[in-house]
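Asker: With the sequence up front, the predicted model follows.
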Amino acid sequence: MLSAVLFLEILSLPLIDSATHSAGAHYYLKKQLVLIAVSLLMMGLGTFIDYRDLVWLSPWILGINVLLLVAVFFVGRTAGGSTRWIPLGFFDLQPSELFKLTAILFAARILCSRDGPVDSIWSIILFYGWLVIPAFLILKQPDLGTTLVILVIATGMLYFAGTSARSILTLVALGGIILGILLWLYVYAGVPLPIEEHWIDRLVSGFNPEKDPLGKGYQVLQSKIAIGSGTVWGKGLGKGTQNRLDFIPHQETDFIFSVVGEELGFVGTMIVLGVYVLILCRCLIAAFTSADKEGTLIAGGVMTMLLFQSLVNIGMTMGIMPVTGIPLPFLSYGGTASVVNAFAIGLVLNVSWKRHKILF
Amino acid sequence: MNTGYRSREDRPGNLPSRELKRIRNGVLIVLVAGFVLIVSQLFNLQIIRGEKYRSLSEDNYLRITPIPAPRGEIFDRNGKLLVTSRPAFTVFYWYLDESEAEATLPRLASILGMEPAEIEAKVRQYAGRYFEPVPIAKGITPETYTRIVEDSPNLPGVFIDPQPIRYYPQDELMSTTIGYVGEITQSQLDDPGWKDYRMGNIVGQQGLESYYESILRGKNGGYRVEVDYRGRPTGNVGPGIEPEPGKSIQLEIDLSLQQAVENALRKTLEENKDATGASVVVLDVKTGGVLAIASMPGFDPNILISGISSKELNKRLTSGEWRFANLATTGLYPPGSAFKIVTAVAALAEEKTVPSEDFLDPGYHPSAPTLVCHKRGGHGYVNMEEALKVSCNTYFYEMGRRLGVDTLAEYCRALGLGQKTGIDLWGENYGTVPSTEWKQKAYGEGRVAQPEFLFSEHMMTAMGQAFHMYTPIQMASVTQAIANNGVRMKPRLAGKILDSQHNVAEEILPEVAGELQVDPGIFDIVMAGMLKVTTEPGGTAYWIFHDCPIKVGGKTGTAQNPLGEDHSWFVGFGPYEDPEIALAVVVDQGGSGSAVAAPIAREIFDAFLEFSQPHETEQVTVD
């Protein structure tokens, strides 16, 4: 798994460099190199810390993270219409990315605090209760994607904790109905809810970009052209015209997969997908062979996070998933996300090694 | 925070293995389903539709910046230049962004003396095509050039580049026939016939420039330019495609003769203030080649294409100083007495008379006393040749009575009247050949006049009045046919098509347009009558032609015009012994044919002698 992650991290170097050529002097390449170094350190840290201590400490982590999310509203840096980052001079911290990990740890703690699965509707609703405030804070940035990721992580961990599929599906259906009612209230009744108009536009245009090729559908259409034009072998690293000439907005972050598709072709995308499957399977194995429940839940939470993010991100670049600002783990450029993902992988490695320790 | 959680507490690591399997299977289903979906869409995009997306991506980033092909030139029959292209300083604007344009364009407009809105409209036409600079003004003066260069720091995006611009070295000469070029219009772009063209292309808009557009045009070359997502060139330029120069055209026109024709017309128009226009067609009798064609007033194409303001253009057009219409091929006139040559052919061919028949003209036609001759008291006894010579109306009324309008119409059509002659110009007019059927249609239900052909109308049509409407080129063509034993040649302006090295690429051969198969002796009689017009005292054009060095045949016409002054006609051919040229002269509201049109014809014949047969004249002097 370590090598799989390393493979993606190293692959991200030329991809990001090629996607950000216009910045000049390989600025992003250098930043990404530093980030990878930091990420590896964090991964190492993740493997050495006793993750059960982290779970134990998670209420404090949650508290700090919520404070950071609140702080974003006061000192946050704004880019692309949303305020998500706390500038630290050398580094812009993105508390919402951090919160993905925090959510895994704290959910693990709640789920470990009780025996047996959380299975009654009331206990499930109570389980989601602690998420309301941070989710609302993130949604207000606005950042629909991360909010969705966090809800999905929590739901996935419920499942890993033994909640039946039926309950989960009921829950998802219920969530869908509530969402539908909220949307209805917003669109037709004009109830002021924290909904951004463009979310709805993007959700719709993502599936049918040809309808408005120069407006809302532009990004997805150009991304589809990029991926499709890679055909079997791709145009070669750094030679993708869609990417190099900036036809795809955000090609170094959310739309990095279109660069993979264009420059490395079907062969490249298959290899990258294979590596993701490998990482996900390693997480799954770690979850099911963990020595303790915390390990199962952490590995399961990380797996849910990676699976959801990669499916939705890749799907969105090809027009089969709605466009939500969800980055592709390990490949997209993004400081906090890289470090958080690396640390998460470190924890999963830790979980799978702990099993061996028991053998000694 | 007391949640009953202890970090070091040993907790059973996992759920029962049956539970585990259930969870694992659930997760695997989601994982497999998700990845199958992704892989199938990747397969769809990259393998099945990969080629389509590859070409879409190329459309995205490759643009052709055109290199215009040099347009072909036009020469006269002796290789004298009539139309060419020359480099002219053209002001271009490369749109970079809006705020910059807002500052630059008004400044540029004031230097060029244009309205800022005018420039903005041009720039807007190129919206989204950043890879192409927008031509703003062509053929600027040296003063404007200097001002723009001096002000260049304040004019970002503005540059000056020499571009080929059409140049007409003879200025107004032959303007209505040669035509002019201009930017392709929106309605042309909408027409599928122009699908190879793009906005901003310079195309022939009238006359030969338009008729031979596909030959003169050549093939544009271009550079493949790589552009970024905003359409801005990245500086990477692909291989260029050299433009293919257009072919040139060598006309049958004789420049010297053409100049003589236009000088004569100009002089006439200056002297006759009532005359609104004049046109001439001179044809080669044997080949149908157009040796000269003029329609005046014309226009100055050099002024027109260098960007004349619409106000100035309107002023010139409404004052009558300029005129775009080519009267020689589109002007419709009643032919008047010039038509009598057609009646003469018909009457002889139908054996309604014999050349020796003397017919008494008492000054009016005995069956219709209101139809009078132009000579008070009449011409006395006249035969065919005599009747042509003096243009006796009564004689031709009688021929009309004997022929009837429908028989006459057959001969009109056989001589090419009422049809396009087929000259290589667009928009030629058909004219009107009157017949009973035609009148029934034209004056049928709901019209004021009677749809039946009146007795007097049968007679009047025979002398070219009553409903006939023909173009000057049709009458020239009729004369050419009569002088060529009834063989009518298709009038041709272009004789040869030349490649870019001016070698002959294609010869345009003479074509027979039609033949009137009657006894050739008939034409001899008509021609003899036409000769008398110019050579015998009493002939309507004798006083103009009596001292002409060559013998020419002619026929004058003074066509009544209900809208104003009479139209003045002369048709003729020469030399009489072996006709080489045939011509028609019309002065729109010029008055008498013998007084106005005939002198022009005389000048043309003189010029023909002087310029077109230098070798023969030389030989004569040597002998």
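Answerer: Nice, thanks for sending it over.
Asker: Spell out the secondary structure type for the residue of the stretch 51-200 of chain A found nearest chain B.
Answerer: Nearest residue of the stretch 51-200 of chain A to chain B (CB to the nearest CB) works out as A:W56 at 3.4 Å. For glycine as for every other residue, the C-beta is placed from the backbone atoms N, C-alpha and C. Using DSSP: H, G, I helix; E, B strand; the rest coil, the structure places A:W56 in helix.
Asker: Quick check: longest strand in chain A by residues?
Answerer: strand A:82-87 (DSSP state E).
Asker: Partner strands of it, with direction?
Answerer: As defined by DSSP bridges, the strand partners of strand A:82-87 come to strand A:77-79 (antiparallel), strand A:92-93 (antiparallel).
Asker: Could you take the ones you listed and lay them out as TSV, with extra columns for mean pLDDT and mean neighbour count?
Answerer: Shown next, in TSV, are those (pLDDT from 0 to 100; neighbours: other CB atoms under 10 Å in any protein chain shown):
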stretch	mean pLDDT	mean neighbour count
strand A:77-79	79	11
strand A:92-93	82	18
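Asker: Compile those strands into JSON lines and extend it with columns for distance to B:G363.
Answerer: Listed next are the strands paired with strand A:82-87 as JSON lines, based on distance: least, CB to CB, whole Å:
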{"stretch": "strand A:77-79", "distance to B:G363": "104"}
{"stretch": "strand A:92-93", "distance to B:G363": "113"}
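Asker: dump the residue contacts of whatever residue of the stretch 101-250 of chain A ends up closest to chain B.
Answerer: For the stretch 101-250 of chain A, the residue closest to chain B is A:G228, as judged by CB to the nearest CB, at 2.6 Å. Residues counted as contacts of A:G228 (CB atoms under 8 Å, 6 or more residues apart in numbering or on different chains) are A:261, B:45-46, B:49-50, B:52-54, B:56-57.
Asker: B:Q450 against B:A442, yeah?
Answerer: No. At 11.3 Å, B:Q450 and B:A442 do not qualify as touching, with contact defined as CB atoms under 8 Å.
Asker: between the strands paired with strand A:82-87, which one is nearest to B:P243?
Answerer: strand A:77-79 (47.7 Å; CB to CB).
Asker: now what about the closest one, what contacts it?
Answerer: Contacts of strand A:77-79 (CB under 8 Å, 6+ apart): A:83-87, A:92.
Asker: circling back to that earlier point, do you know which of the strands paired with strand A:82-87 lies nearest B:E213?
Answerer: Nearest to B:E213, of the strands paired with strand A:82-87 and by CB to CB, is strand A:77-79 at 54.8 Å.
Asker: lowest-pLDDT helix or strand in chain A?
Answerer: helix A:197-205 (a mean of 65; mean pLDDT, DSSP states H and E).
Asker: need the next SSE after that one, C-terminal direction.
Answerer: Note on helix A:197-205: by DSSP states H and E, the next helix or strand toward the C-terminus is helix A:218-229.
Asker: If you count surrounding residues, which of B:Q450 and B:A442 has more?
Answerer: B:A442 (13 against 10; other CB atoms under 10 Å in any protein chain shown).
Asker: ok, the spatially most central residue of chain A - contacts?
Answerer: Taking CA atoms, centre = their mean, the centroid of chain A lies closest to A:Q309, which sits 4.4 Å from it. A:Q309 sits next to A:149, A:326-329 when contact means CB under 8 Å, 6+ apart.
Asker: do you know which of the strands paired with strand A:82-87 lies nearest A:T317?
Answerer: That would be strand A:77-79 among the strands paired with strand A:82-87, by CB to CB, at 20.5 Å.
Asker: Show me what the top helix by length along chain A is packed against.
Answerer: Of all the segments of type helix in chain A, defined by DSSP state H, the longest one is helix A:256-289. For helix A:256-289, the packing partners by 3 or more CB pairs under 8 Å, 6 or more residues apart in numbering or on different chains; DSSP states H and E come out as helix A:2-19, helix A:218-229, helix A:241-244, helix A:293-317, helix A:335-359, helix B:17-42.
Asker: before we move on, the earlier item: surely the residue of the stretch 51-200 of chain A closest to chain B touches A:F106?
Answerer: No. Taking contacts as CB under 8 Å, A:W56 lies outside contact range of A:F106: 10.9 Å.
Asker: Quick check, pLDDT for residue 140.
Answerer: Just so you know, I chose chain A. For A:K140, the pLDDT comes out at 81.
Asker: should've been chain B
Answerer: For B:I140, pLDDT reads 83.
Asker: Am I right that it sits in a helix?
Answerer: No. With three-state DSSP as the criterion, B:I140 is located in coil rather than a helix.
Asker: can you tell me how far it sits from B:E312?
Answerer: As defined by CB to CB, to the nearest Å, B:I140 lies at a distance of 17 Å from B:E312.
Asker: Settle it for me: which of the two has more neighbours?
Answerer: B:I140 (21 against 10).
Asker: which ones are touching that one?
Answerer: B:88-91, B:112, B:148, B:160.
Asker: Pull the contacting residues for A:M321.
Answerer: Counting by CB under 8 Å, 6+ apart, A:M321 has contacts A:206, A:311-315.
Asker: For it, what are phi and psi?
Answerer: Main-chain dihedrals, A:M321, degrees, to the nearest 10: phi -130, psi 150.
Asker: which ones are touching the residue lying closest to A:T83 once chain neighbours are set aside?
Answerer: Leaving aside its chain neighbours, A:T83 sits nearest to A:G76 (4.0 Å; criterion: CB to CB, 6 or more residues apart in numbering or on different chains). Counting by CB under 8 Å, 6+ apart, A:G76 touches A:83-86, A:141.
Asker: want to try a markdown table for the residues you listed, with neighbour count as columns?
Answerer: Below are the contacts of A:G76 laid out as a markdown table (neighbours: other CB atoms under 10 Å in any protein chain shown):
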| residue | neighbour count |
| --- | --- |
| A:T83 | 18 |
| A:R84 | 24 |
| A:W85 | 22 |
| A:I86 | 19 |
| A:Q141 | 23 |
